[in-house]
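Enquirer: Sequence plus the predicted model coming up.
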Amino acid sequence: MSGYTELIIPPDKFNNRNVAQAVITMEASCEVLLTGTVLNPQCQAIEGAVVRITAISILKQKTLLGYVLTNQFGEFAVAVLKNPQIDYQLDMFEPVQSI
């Protein structure tokens, strides 16, 4: 994602205060972060599950965007373009087993 900012608050900003105030300005982004969790039928997180991301245009044309793997909590995240004319299809697959 192209939008990123960092804020460092030095200790003197907390002296005798309960709340520290700061103004953060970021550029608008053309991307959105899709997140999710992959669970098995017993509602347990699946580590290493494969998530395939496909963009589907209004003309029903499909474009494979790529794959991500879930972390130890079954979570995944992927940045995609924010476009009202594109739907995103997420397909989940079992973790790849090494032989």
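Expert: Yes, it's here. Numbers count the residues shown, from 1 in each chain.

Enquirer: tell me how far the ends of stretch 27-46 are from each other?
Expert: For stretch 27-46, the separation between the terminal residues is 35 Å (Cα to Cα, to the nearest Å).

Enquirer: Next, the residue most central in space within the chain: secondary structure please.
Expert: Computing the C-alpha centroid of the chain and ranking residues by Cα atoms, centre = their mean puts Ala77 first, at 2.7 Å. Classification of Ala77 using DSSP: H, G, I helix; E, B strand; the rest coil returns strand.

Enquirer: Show the backbone phi and psi for the closest residue to it other than its chain neighbours.
Expert: With Cβ to Cβ, 6 or more residues apart in numbering as the criterion, Ala77 has its nearest non-adjacent residue at 4.6 Å, and that residue is Thr35. C-beta coordinates here come from the backbone N, C-alpha and C atoms, glycine included. The phi and psi torsions at Thr35 (degrees, to the nearest 10) take the values phi -130, psi 160.

Enquirer: residues contacting Thr35?
Expert: Contact analysis of Thr35 by Cβ atoms under 8 Å, 6 or more residues apart in numbering lists Glu75, Phe76, Ala77.

Enquirer: Distance check, the last one against Gln61.
Expert: Translated: Ala77. Here the distance between Ala77 and Gln61 works out to 25 Å (Cβ to Cβ, to the nearest Å).

Enquirer: circling back: the residue nearest to the centre of the chain and Glu31 touch, don't they?
Expert: No. Using Cβ atoms under 8 Å, Ala77 and Glu31 do not qualify as a contacting pair, with a distance of 11.7 Å.

Enquirer: rewinding a little: so how far is Pro95 from the residue nearest to Ala77?
Expert: Noted for Thr35: a distance of 19 Å to Pro95, by Cβ to Cβ.
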